[in-house]
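Asker: this one's sequence-less:
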């Protein structure tokens, strides 16, 4: 496989470039070599931690596909962490391709992975417009699907228990009445701090909103308007979506070795 081939399938199908939001980084962020460069080993990772880069150099990875980039904004100065990472990258010729929000919106991406993992009926996409006026299916609108012998009512409590079970979580943060009946769910993967998403979800009749991480102002707003809010594990959701992407790429390019770097959730629980 050459670099151009994997770039093409990512940008056009598995994590479309048209779903990029605003000025966020998408595509090659480091060492874009010749498009005909041969790629034999690819590593997928949630983020470009120093541990992930050590693993890539040690295993002689040709290409890293990362959900998050080396930096998210323009660089005003080089901090020591970034210097350490760039120094490490000079030891072996590795290209870095960043997915960002396009992978949240993509078919089979983060938002859809949550819906499928929670055994929900996928009704439609939850669309927002990016700065180019393109509708980005950043989320998924779902309705409850019930297990056999289950009472045909989905409550916030049942949904939270389902999230704890399927994502192996010790606790789940939520906003709302635990006994509230849930009929229409909006799922948006990643970190959602934009209240306009919550407003839109409520306006189209959603009574519950699930995301990877939501800010305090979003929690207050949801409480005030009566929108049930569930904050699931950012890390566990994204690693599950990346596992699916790794499998898809392995099938598409059977002669290339694809490795998934599983670091750890940086958040810890003090019990």
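Answerer: Looks like it arrived, so ask away. Since this is a predicted model, take the numbers as computed values, not measurements.

Asker: For the worst-scoring helix or strand of the chain on mean pLDDT, buried residues please.
Answerer: When the helices and strands of the chain are scored by mean pLDDT, DSSP states H and E, helix 80-89 comes last with a mean of 85. For helix 80-89, a neighbour-count test (16 or more other C-beta atoms under 10 Å) marks 85, 89 as buried. Any C-beta I mention is one placed from the backbone N, CA and C, and that applies to glycine too.

Asker: From the contact counts, what lies against that helix?
Answerer: helix 50-58 (3 or more C-beta pairs under 8 Å, 6 or more residues apart in numbering; DSSP states H and E).

Asker: taking the mean pLDDT, what do you get for the following helix or strand past the helix it packs on?
Answerer: Downstream of helix 50-58, the next assigned helix or strand under DSSP states H and E is strand 63-66. Averaged across strand 63-66, pLDDT comes to 95.

Asker: Repeat that for stretch 240-259.
Answerer: 95.

Asker: that older thread, which residues are in contact with the least confident helix or strand of the chain?
Answerer: Around helix 80-89, the neighbours that count as contacts under C-beta atoms under 8 Å, 6 or more residues apart in numbering are 30, 31, 48, 50, 53, 54, 57, 70, 71, 75, 78, 96.

Asker: Can you name the residues that contact the fourth one?
Answerer: Spelled out, it's residue 50. Counted by C-beta under 8 Å, 6+ apart, residue 50 has contacts 81, 84, 85, 88.

Asker: What separation is there between residue 179 and residue 155?
Answerer: Using C-beta to C-beta, to the nearest Å, residue 179 is found at 6 Å from residue 155.

Asker: do the same with residue 56
Answerer: Residue 56 is 45 Å from residue 155, by C-beta to C-beta.

Asker: okay, residue 179 and residue 155: which has more neighbours?
Answerer: Between residue 179 and residue 155, residue 155 has the larger neighbour count (other C-beta atoms under 10 Å), namely 17 against 9.

Asker: Residue 3: neighbour count?
Answerer: For residue 3, using other C-beta under 10 Å, the count is 20.

Asker: List the buried residues of the longest helix belonging to the chain.
Answerer: Taking DSSP state H as the criterion, the chain has its longest helix at helix 234-252. By neighbour count, with 16+ other C-beta under 10 Å as the criterion, the buried positions of helix 234-252 are 234-242, 244-246, 249.

Asker: Lovely, talk soon.
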